[in-house]
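J.: Build me a structure from this.
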Amino acid sequence: MKQLVILITLLVCCDSALACTCKFFTTTEHYSRATEVFRARVESVDIVPVPKRLVGVHFLMPSAREWKGRTRTVVRARFKLLETYKGSPQLLEAVYTSNSSSCRLNIYDGEEYVFFAETQGIVGFCGGNTRVWPDDERFKDTIKSLKRLASELLDHEKGPAAPESRSSE
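T.: Numbers count the residues shown, from 1 in each chain. Below you'll find the model as predicted:
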């Protein structure tokens, strides 16, 4: 009987941890998979109907057949951009995560995050997104890695340096 009570307690209290299985990716892998990578302070969090442009574009968003006949909602987090590491997050209206999936990312108003946004600003629990803990050494290491990756991306986009021209005498 005691084991049954423990099992029920775990199922009730820890459903998101049990139901969402994440594959481990390094910061570099999360960076390469994301379209935008940035640090931001969340200014507001609300639940809104799924924007039509997001229907079925990502596993965290409902598909068109799930949409039919009912209003599906998502969590929308509007933010103030603090630092960009990849892409153009300044063009995003907000980031979005599932309101019903156990893989949703818990986002809190007033907190800072590093977002690895995928298609059209979609973020999730398994995507490398993390709340900022400035005194945490792991956070400092992540920021160093992101700055290095951003620098490498910039160097790659510039292409090889032009050879020096020499004047013939």
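
J.: Ranking helices and strands of this structure by mean pLDDT, which lands last?
T.: helix 15-19 (a mean of 46; mean pLDDT, DSSP states H and E).

J.: What's the first helix or strand after that one?
T.: helix 27-33 (DSSP states H and E).

J.: Give me the helices and strands touching that following helix, please.
T.: strand 112-117, helix 137-158 (3 or more CB pairs under 8 Å, 6 or more residues apart in numbering; DSSP states H and E). Where C-beta positions appear, they are placed from N, C-alpha and C, glycine not excepted.

J.: Please work out which residues outside the longest one touch it.
T.: It refers to helix 137-158. 27-28, 31, 37, 39, 84-86, 114, 130, 132-133 (CB atoms under 8 Å, 6 or more residues apart in numbering).

J.: Narrow the residues you listed to just the buried residues.
T.: For the contacts of helix 137-158, a burial check counting by 16 or more other CB atoms under 10 Å picks out 27, 31, 37, 39, 84-86, 114, 130, 132.

J.: between the contacts of helix 137-158, which is closest to T97?
T.: T130 (13.3 Å; CB to CB).

J.: Identify all residues paired with that closest one through a beta bridge.
T.: V114 (DSSP bridges).

J.: give the contact list for it.
T.: 113-114, 139, 142.

J.: confidence score at it?
T.: Looking at T130, its pLDDT is 91.

J.: And the one 3 residues further on, by the same measure?
T.: The predicted local distance difference test score for W133 is 86.

J.: Give me the phi and psi for it.
T.: When read as degrees, to the nearest 10, the backbone of W133 gives phi -120, psi 90.

J.: Quick check: it vs V42, distance?
T.: Going from W133 to V42 by CB to CB, to the nearest Å gives 15 Å.

J.: can you check T130 too?
T.: 13 Å.

J.: any weak-confidence spans in the chain?
T.: Within the chain, the ranges that satisfy pLDDT under 70 run 1-20, 57-71, 101, 158-169.

J.: related to what we said a few turns ago, got TSV for the helices and strands packed on helix 27-33, with distance to R104 too?
T.: Listed next are the helices and strands packed on helix 27-33 as TSV, based on distance: least, CB to CB, whole Å:
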stretch	distance to R104
strand 112-117	14
helix 137-158	21
